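*Asks:* just coords:
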């Protein structure tokens, strides 16, 4: 790619020298992989979806393994009795395989149903028009085969768990009543480790969801250099044979501005080559008159705008003046530059009053009459590019966009603008008529962050529930097998508060272990998903603190129920049942 890019740039430079007229505004050549063009902005979402699904699958496997270990612990006497009656290891293994495959098949069947619904929802989150291949998104032979492989692997994993624990010594000891305490203790240790893993994975997803939500909020509240509220934009196109001369284009633009301004509630109207918050196309290069040029290329965005543009978008004019209605082709050429252009190409020098010209036209001199604050002419997440604003009536373009600021309902203006334009000329097509707020929210960067936050948030919610349920199961099972111990403690004078502390301390230890692993995993996940975050650092202490607090509080609530049951144990009944 690097070698090809260098060769293409050399070819472009040669074409500019050989054919200066037809290549005068060509900014250069950039090569991209076809895969990146096809997948586009959906690739990060798919990676997030895949990563979240893998983490959630691990949590689900961990939960099932925990439940199977608990079930095996309660079946030790049954297994030992079967073995003593002549059941071979192969016979017991086949029983475990059948049970596990039945469990995996049932879960996978439900999973396929949810997957079908989930893919229908996901198809609505991605731009189908730009990626028509997603219209066929759904279950097919490949996805069904993949699901069957996952189900088979799950069945094998679930059948190996009791097999590994089914040793000859355990079969012999399984018939002894005293072995129950040791078995319970062994399972509690394994189950506790699995719960730590669950809590850690849940924390990773929850941290990612919170950070993506914060990133989306920051992105939607970014400083665009204008006030998007009560602002509507619409792009116009017409047949190339219509309005071919500069005079016709200027006359059409003036008529559209005049008749749109007469609409009820309209406070300002402007014309621009393209609305703000769009793709950074339309570049050119310029030179400062009187300054030595050593062959460098001063590349900038070029926007032809009407005199009311900065007033309509409510951008702040830093110095100088705005364009005047009388500045047409008969008047001296002028230009306005943004803050980024002034900082990059003029530095500490005052650009007001300086003359600049296009690289490709020595006769295109224009005077810089103003400096305006940066407006997001490109994508939301991109840095503000140096931008050169030219008066539309001195530099009319083939097609343009209309921007309208209204004091009334924005949606009504979205419907009114196409009707008015078609009254002026039925051959003019109107598209992308939206409010500026919708334009920002539906921009590729915003949709990418919204979709990622929605997907990871859904995964995090499920992971949170599974993690808390797993913790509750371990603590409840532990309490159930410590009934005799707790009964003895209470009989010897232990207060209910001591029993609460005993149980809650065990749960707190599990949460603490999962939290430590979760923080490490979260930092790694933030680093891996850096592209999806906006305004987020790798080490987000407040976010980690919030997630840890929520997990801890939920864990204490989940542990309180079995702790309360333990504290209310009647020592006489506990000892009698044992």
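*Replies:* Yes, it's here. Keep in mind the model is a prediction, meaning the values are calculated, not measured. Numbering: from 1, shown residues only.
*Asks:* which SS state does residue 336 fall under?
*Replies:* strand (DSSP: H, G, I helix; E, B strand; the rest coil).
*Asks:* let's have the chain start at 4 instead
*Replies:* OK, 4 is where the count begins now, so the last one is residue 339.
*Asks:* look up the pLDDT of it for me, please.
*Replies:* Looking at residue 339, its pLDDT reads 97.
*Asks:* equivalent analysis for the one 5 residues further on, please.
*Replies:* On pLDDT, residue 344 comes in at 96.
*Asks:* for it, which non-adjacent residue is closest in space?
*Replies:* Leaving out its chain neighbours, the residue that sits closest to residue 344 by CB to CB, 6 or more residues apart in numbering is residue 389, at 3.5 Å. For glycine as for every other residue, the C-beta is placed from the backbone atoms N, C-alpha and C.
*Asks:* look up how far residue 373 lies from that neighbour.
*Replies:* To residue 373, residue 389 is 15 Å away according to CB to CB, to the nearest Å.
*Asks:* what score does residue 526 have for pLDDT?
*Replies:* pLDDT at residue 526 comes out at 84.
*Asks:* is it within a helix or a strand, and which one?
*Replies:* helix 499-531 (DSSP states H and E).
*Asks:* I'd like the next helix or strand past that helix.
*Replies:* Remark: after helix 499-531, the chain's next helix or strand is helix 544-570, criterion DSSP H and E.
*Asks:* so which elements touch that next one?
*Replies:* helix 182-223, helix 447-484, helix 499-531 (3 or more CB pairs under 8 Å, 6 or more residues apart in numbering; DSSP states H and E).
*Asks:* any idea how far the last one is from the chain center?
*Replies:* When you say that, I think you mean helix 499-531. Distance of helix 499-531 from the chain centroid (CA atoms, centre = their mean, to the nearest Å) equals 27 Å.
*Asks:* quick one, it and helix 544-570 angle?
*Replies:* Orientation of helix 499-531 against helix 544-570 (axes from the mean of the first three to the mean of the last three CA atoms, to 10 degrees) gives an angle of 150 degrees.
*Asks:* buried sites along helix 499-531?
*Replies:* 502-503, 505-507, 509-510, 513-514, 516-518, 520-522, 524-526, 528-529 (16 or more other CB atoms under 10 Å).
*Asks:* do stretch 358-378 as well
*Replies:* Neighbour count says stretch 358-378 has 359-363, 369, 371-378 buried, by 16+ other CB under 10 Å.
*Asks:* out of those, which is nearest to residue 68?
*Replies:* Of all these, residue 68 sits closest to residue 377, with 54.8 Å by CB to CB.
*Asks:* three-state assignment of the closest one?
*Replies:* coil.
*Asks:* now for the helix holding residue 526, which elements pack on it?
*Replies:* Using 3+ CB pairs under 8 Å, 6+ apart: helix 499-531 touches helix 182-223, helix 447-484, helix 486-494, helix 544-570.
*Asks:* of those, which shows the lowest average pLDDT?
*Replies:* helix 182-223 (a mean of 75).
*Asks:* next structured bit after it?
*Replies:* strand 234-240.
*Asks:* related to what we said a few turns ago, quick one, what contacts the residue nearest to residue 344?
*Replies:* Listed by CB atoms under 8 Å, 6 or more residues apart in numbering, the contact set of residue 389 reads 301, 302, 303, 304, 340, 341, 343, 344, 347, 348.
*Asks:* next one: residue 446
*Replies:* Per CB under 8 Å, 6+ apart, neighbours of residue 446: 280, 382, 383.
*Asks:* going through those, which ones are buried?
*Replies:* By 16+ other CB under 10 Å, these give 280, 383 as buried.
*Asks:* least trustworthy helix or strand in the chain by mean pLDDT?
*Replies:* Of all helical and strand segments in the chain, the minimum by mean pLDDT, DSSP states H and E falls on helix 171-177, at a mean of 47.
*Asks:* against residue 98, how distant is residue 219?
*Replies:* Per CB to CB, residue 219 is found 50 Å from residue 98.
*Asks:* the more surrounded of these two?
*Replies:* residue 219 (23 against 15; other CB atoms under 10 Å).
*Asks:* most distant residue from the centre of this structure?
*Replies:* residue 88 (58.7 Å; CA atoms, centre = their mean).
*Asks:* so residue 277, which of the three states?
*Replies:* coil.
*Asks:* spatially nearest residue to it (excluding sequence neighbours)?
*Replies:* Per CB to CB, 6+ apart, closest to residue 277 is residue 404, 5.6 Å.
*Asks:* and the protein, what are its domains?
*Replies:* Listed by automatic domain parsing, the domain ranges of the chain are 4-34, 78-179, 182-226+441-581, 242-430.
*Asks:* work out for me the element residue 105 sits within.
*Replies:* Taking DSSP H and E as the criterion, the element that holds residue 105 is helix 92-126.
*Asks:* what does stretch 337-357 contact?
*Replies:* Here stretch 337-357 makes contact (CB under 8 Å, 6+ apart) with 291-292, 301, 303, 313, 321-323, 325-326, 330, 359, 369-378, 386-394, 397.
*Asks:* among these, which are in helices?
*Replies:* Among the contacts of stretch 337-357, DSSP state H puts residue 313 in helices.
*Asks:* for residue 384, give me its contacts.
*Replies:* 222, 448, 537.
*Asks:* what's the local residue count around the last one?
*Replies:* Yep, that's residue 537 we're talking about. Neighbour tally, residue 537, other CB under 10 Å: 20.
*Asks:* the first one too?
*Replies:* Counted with other CB under 10 Å, the burial measure for residue 222 works out to 21 neighbours.
*Asks:* OK, contacts around it?
*Replies:* Contacts for residue 222 (CB under 8 Å, 6+ apart) come out as 383, 384, 448, 449, 452, 537, 538.
*Asks:* distance check, the residue farthest from the centre of the chain against residue 96.
*Replies:* From residue 88 across to residue 96, the span is 16 Å (CB to CB).
*Asks:* what does residue 261 give?
*Replies:* On the measure of CB to CB, residue 261 and residue 96 end up 86 Å apart.
*Asks:* where does the stretch 4-153 of the chain have low pLDDT?
*Replies:* Along the stretch 4-153 of the chain, segments meeting pLDDT under 70 span 27-31, 42-45, 73, 76-77, 79, 125, 128-138.
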